[in-house]
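# give the three-dimensional model of this entry:
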Amino acid sequence: MKALLLEGSTKVEDLKLSDIPIPKVKDDWVLVKVMAFGMNHSEALFRQFEIDNPAFNKPVVPGIECVGIVEDPSNSDLSKGDKVIALMGGMGRTFNGSYEEYVLLPKKNVFKVNTKLDWIHLAAIPETYFTAWGSLFECLQLKEKDSLLIRGGTSALGIASIILAKNLGCRVIVTVRSDKHNELLEYLGVNKIIIDIENSIKDKIGEKVDKILELVGPLTVPESLKLLNKGGICCSTGILGNVFTLDKFDPIKEIPNGCYLTGFYSNYPTQETIDEMMTFIDDYKIIPEIGKVYSFDNVIEYSRDLENGKTNGKGIVVVDEELKKQI
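Sure, this is the predicted structure:
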């Protein structure tokens, strides 16, 4: 089968697909025929430098999520032919991930779904919507009529969060780096768009908010905390600012009295949470926004676009040969 196999940190121009054996099934692991997979900022960082960390197995096939069909359920509760999504839990890090035609995954990472979404739109769901769902509802405890600020609003995760929050009935404010996506944001129902070039919006926002989804990350968390109403919550989920830790952060001084700072770690999905999320998506007839769609064969093109932020939202890579004809 075809797979993108990485030996270590690799430049885009050096990427190529390899021929490797289809994995052999073993107890507690499920073999999935990959139909498509979504692309994530973390995968670009992994290929660029994180892969060289001794904690990660090498060679390894990257990819932290996919959608597909169960080829061999092994001793799981799944059945051959089930439509599934798979994500996280070491996928594409400590064991091979989705950048291949067939992937062998721990059964705890594979979740059956029953949805009318086509494969390409379903591929926009797993990691992105699971992270948005957990950030908004588990960590921010988002409620109808809450005011929500999303910093990094045109990222794939930002767009998914906008869609979920607007369907719930929230007032949504987003920060962006330019106005080139304003038409999409207005279409999605965003109430206020703030251009943020200098990683500071304190003089532009003009109001405080109930909840903040922080996707820029530690670079702007200290300012975000100051924008909360009393009782408000800030959830730090993304690292779009490429700053990974808070330096000299004094929580006593930086977190306003009566406000809260949390974070969402997406490594432990469950079937119960996936079912709740998919029910919400189906009940509200949500169709995920997707950016560019690529053929698996064009590995250099989609990897370069992912690295340079040119997927225009959630990039989807189609692996199945029949599905490629729909691109």
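
# every contact and neighbour count from this point should use C-alpha atoms.
Will do.

# low-confidence regions, the stretch 101-250 of the chain specifically.
Along the stretch 101-250 of the chain, segments meeting pLDDT under 70 are nowhere present.

# in it, which spans are helices?
Listed in chain order, the helices of the stretch 101-250 of the chain (DSSP state H, counting those that start in this stretch) span 119-122, 126-133, 156-168, 182-187, 221-225.

# could you dump the ones you listed to a markdown table with mean neighbour count and distance to Gly231?
Shown next, in a markdown table, are these (neighbours: other C-alpha atoms under 10 Å; distance: least, C-alpha to C-alpha, whole Å):
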| stretch | mean neighbour count | distance to Gly231 |
| --- | --- | --- |
| helix 119-122 | 20 | 36 |
| helix 126-133 | 24 | 21 |
| helix 156-168 | 23 | 19 |
| helix 182-187 | 13 | 28 |
| helix 221-225 | 22 | 11 |
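
# for those, give me JSON lines that also has distance to Asn308.
JSON lines is the format used below for these (distance: least, C-alpha to C-alpha, whole Å):
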{"stretch": "helix 119-122", "distance to Asn308": "22"}
{"stretch": "helix 126-133", "distance to Asn308": "19"}
{"stretch": "helix 156-168", "distance to Asn308": "14"}
{"stretch": "helix 182-187", "distance to Asn308": "20"}
{"stretch": "helix 221-225", "distance to Asn308": "24"}
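
# quick one, which of these gets closest to Glu13.
Between Glu13 and the helices of the stretch 101-250 of the chain, the tightest spacing by C-alpha to C-alpha is seen for helix 156-168, at 24.6 Å.

# so which of the helices of the stretch 101-250 of the chain comes closest to Glu50?
Taking these one by one with C-alpha to C-alpha, helix 126-133 is closest: 19.0 Å.

# next, the angle helix 156-168 makes with that closest one.
Counting by axes from the mean of the first three to the mean of the last three C-alpha atoms, to 10 degrees, helix 126-133 lies at 50 degrees to helix 156-168.

# sec struct for the nearest residue to Ile85 once chain neighbours are set aside, please.
Counting by C-alpha to C-alpha, 6 or more residues apart in numbering, Ile85 lies nearest to Val67, which is 4.4 Å off, once chain neighbours are set aside. Under DSSP: H, G, I helix; E, B strand; the rest coil, the three-state class of Val67 is strand.

# quick check, Val67 in contact with Leu122.
Yes: counting by C-alpha atoms under 8 Å, Leu122 is a contact partner of Val67 at 7.0 Å.

# tell me what the residue nearest to Ile85 is bridged to.
Residues in a beta bridge with Val67, per DSSP bridges, are Ala36, Ile85.

# ok, now how distant is the residue nearest the centre of the chain from Lys33?
Nearest to the geometric centre of the chain sits Thr128, at 2.8 Å (C-alpha atoms, centre = their mean). Thr128 is 21 Å from Lys33, where distance means C-alpha to C-alpha, to the nearest Å.

# also Asp146?
According to C-alpha to C-alpha, Asp146 stands 41 Å off from Lys33.

# and these two? Which one has more around it.
Each of Asp146 and Lys33 has its neighbours counted (other C-alpha atoms under 10 Å); Lys33 has more, 24 against 18.
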